[in-house]
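Colleague: need a structure here:
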Amino acid sequence: MFFIYKILINLVFFFSPIIIIFRIFKGKEDTLRFKEKIGFFSKKRNKGKLIWFHGASVGEIQSIIPLIERFEKNKEIKQILITSNTVSSSLIIKNLELKKTIHQFFPVDCNFISEKFLNYWKPSKAFFIDSEIWPITINNLNKKNIPIFLLNGRITKKSFNRWKIFHSFARSIFSKFVLCLSSNNETKKYLNKLGAKNIKIIGNLKFSQSENEKNSLDKNLINLINSRQTWCASSTHYNEEEFCGKAHIKLKKKFKNLLTIIIPRHINRINSIKADLHNLNLKVHLDEPKKKIYPDTDIYLVNSYGKTKLFYKACKNIFLGGSLINHGGQNPLEATRYGCKVLNGPNVSNFREIYKFLNKKNLSKKITNQEQLISYIIKYLNSKSNSKKIIKDLHLIGVDILNKTYKEINR
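Modeller: Predicted coordinates:
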């Protein structure tokens, strides 16, 4: 199976120029930095010890930022490399004030590029986050005796069933991890069956929180939010913005000064989202600095990355997207850490255990239709927030998980 995988990934590399051009056209690639994916690196490797973290996209990268901040304080470590696959995740790192940490895009997992990558960066440890498993790179790390860790491991039933078809191949890959920190019990069970050896459950790193987050939004925007009845639809996907726009129209019959904030998961969709909302006769304001916000604005549409947490600080009533469609949901912990009450659709398989925990704590509610969404928003807008207690409780959980994770890695 490993031989077949090599053939397939080499085909991907062969067609990569076409794939990259197509992705640039779709706004999914950095026009200057895409070459990093084929082995042309834009940053320099400093002298001394370097550790490497790899996560697929925004959620995975955000989950390790508190851990990165711990390693930044470690004098033995001279440089921290973070790789990811998406433009949005690269912007997250760019907006943080990290002294030792640099970002590069993850290279294609073919042998030539993988060897070039490892020979250039020479990591002393490699950390793969969530469900990022790249066989050739993992195999090459093992050959070089570089310890490999799985952080916040997440294996769904669907991905486990795929790995299970190639059982021997799976064991040859998962057995190479020196430590697997599982994010839930289901993943621990699957990792064990796939051949991983040293598996532990400490807790989900997504409970932890960065120490160095920017404080607040523009004053004019905060004044607008505070002067209006406000709710926020965050991490929305295709069709969910229209769903929320229609909900806004119905809610406005009860709350004349209603403001709905929409933060799409992928901002390359902004123009089509704006057009869909205009078709509903809604007045849309794009999140642009120094642009006058008109008092009759219906929808405040966020068209940049890295501000989601700032909106969570200002607005405590959140609908979390990716959950009405067949996507698996988005991470609700970021919102609840700021004392927000979270509403979600029925499709949250990617974060099942987290939602189960939050539901028990009465911090999240499932909705299946627009009437339920409207009903909860009305209830939340008419009630007082208990955000201070929520923030304190989740902060303590996050700190405990972060401390234990850091300790395990350095054991």
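Colleague: tell me the centre residue of the chain?
Modeller: residue 59 (1.0 Å; C-alpha atoms, centre = their mean).
Colleague: Mind pulling up the pLDDT for that residue?
Modeller: Looking at residue 59, its pLDDT stands at 85.
Colleague: Can I take it that it is in a strand?
Modeller: No. Applying DSSP: H, G, I helix; E, B strand; the rest coil, one finds residue 59 to be helix, outside a strand.
Colleague: any weak-confidence spans in the stretch 51-200 of the chain?
Modeller: Applying pLDDT under 70 to the stretch 51-200 of the chain picks out no residues at all.
Colleague: Okay, strands next: where are they in it?
Modeller: 77-84, 101-105, 125-129, 148-153, 179-182, 199-201 (DSSP state E, counting those that start in this stretch).
Colleague: Quick one: residues contacting residue 51.
Modeller: Going by C-beta atoms under 8 Å, 6 or more residues apart in numbering, residue 51 touches 71, 77, 79-81, 123-127. Any C-beta I mention is one placed from the backbone N, CA and C, and that applies to glycine too.
Colleague: Let me know the secondary structure of residue 262.
Modeller: Residue 262 - assigned by three-state DSSP - is strand.
Colleague: Now do the contacts for it.
Modeller: With C-beta under 8 Å, 6+ apart, residue 262 has these contacts: 232-233, 236, 241, 244-245, 273, 277, 299-302.
Colleague: Among the residues you listed, which lie within strands?
Modeller: 232-233, 236, 299-301 (DSSP state E).
Colleague: Show me which pair in these is furthest apart.
Modeller: Using C-beta to C-beta, those span at most 13.2 Å, a distance reached by 236 and 300.
Colleague: So for the two, which sits in the more crowded spot?
Modeller: Using other C-beta atoms under 10 Å, the more surrounded residue of residue 236 and residue 300 is residue 236, with 26 against 23.
Colleague: That one bridge partners, please.
Modeller: residue 264 (DSSP bridges).
Colleague: What separation is there between it and residue 397?
Modeller: 27 Å (C-beta to C-beta, to the nearest Å).
Colleague: all helices for the stretch 1-150 of the chain, in order.
Modeller: Along the stretch 1-150 of the chain, counting by DSSP state H, counting those that start in this stretch, helices occupy 2-14, 16-25, 58-72, 87-94, 111-121, 135-143.
Colleague: With distance to residue 164 as extra columns, can I get these in TSV?
Modeller: Shown next, in TSV, are the helices of the stretch 1-150 of the chain (distance: least, C-beta to C-beta, whole Å):
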stretch	distance to residue 164
helix 2-14	16
helix 16-25	29
helix 58-72	24
helix 87-94	29
helix 111-121	25
helix 135-143	16
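Colleague: Those: which one's closest to residue 221?
Modeller: From the helices of the stretch 1-150 of the chain, taking C-beta to C-beta, the stretch that ends up closest is helix 87-94, at 19.9 Å.
Colleague: Just the residues contacting stretch 13-21, thanks.
Modeller: With C-beta under 8 Å, 6+ apart as the criterion, stretch 13-21 contacts 12, 29, 34, 37-38, 108, 110, 113.
Colleague: buried residues in it?
Modeller: Under the neighbour-count criterion of 16 or more other C-beta atoms under 10 Å, stretch 13-21 has 13, 16, 20 buried.
Colleague: Over to stretch 115-122?
Modeller: Buried-residue list, stretch 115-122, by 16+ other C-beta under 10 Å: 115, 117-118, 121.
Colleague: quick one: average confidence on the longest helix seen in the chain?
Modeller: Assignment by DSSP state H gives helix 387-409 as the longest helix of the chain. Helix 387-409 shows an average pLDDT of 88 in the prediction.
Colleague: helices or strands next to that helix in the packing?
Modeller: Secondary-structure packing of helix 387-409 (3 or more C-beta pairs under 8 Å, 6 or more residues apart in numbering; DSSP states H and E): helix 58-72, strand 179-182, helix 333-336.
Colleague: Contacts for the last one next, please.
Modeller: So the one you mean is helix 333-336. Contacting residues not belonging to helix 333-336 are listed as 62, 204, 206-207, 234, 308-309, 312, 318, 320, 342, 354, 358, 363-364, 390, 394 [C-beta under 8 Å, 6+ apart].
Colleague: Out of those residues, which end up buried?
Modeller: Using 16+ other C-beta under 10 Å as the burial test, the contacts of helix 333-336 include 62, 204, 206-207, 234, 308-309, 312, 318, 320, 342, 354, 358, 363-364, 390, 394 as buried.
Colleague: re earlier: format the buried residues of stretch 13-21 as CSV; extra columns: distance to residue 93.
Modeller: Converted to CSV, these look like this (distance: C-beta to C-beta, whole Å):
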residue, distance to residue 93
13, 25
16, 23
20, 21
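Colleague: Turn those residues into a markdown table, including distance to residue 2 and pLDDT.
Modeller: Output for the buried residues of stretch 13-21, formatted as a markdown table (distance: C-beta to C-beta, whole Å; pLDDT from 0 to 100):
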| residue | distance to residue 2 | pLDDT |
| --- | --- | --- |
| 13 | 16 | 76 |
| 16 | 21 | 83 |
| 20 | 26 | 86 |
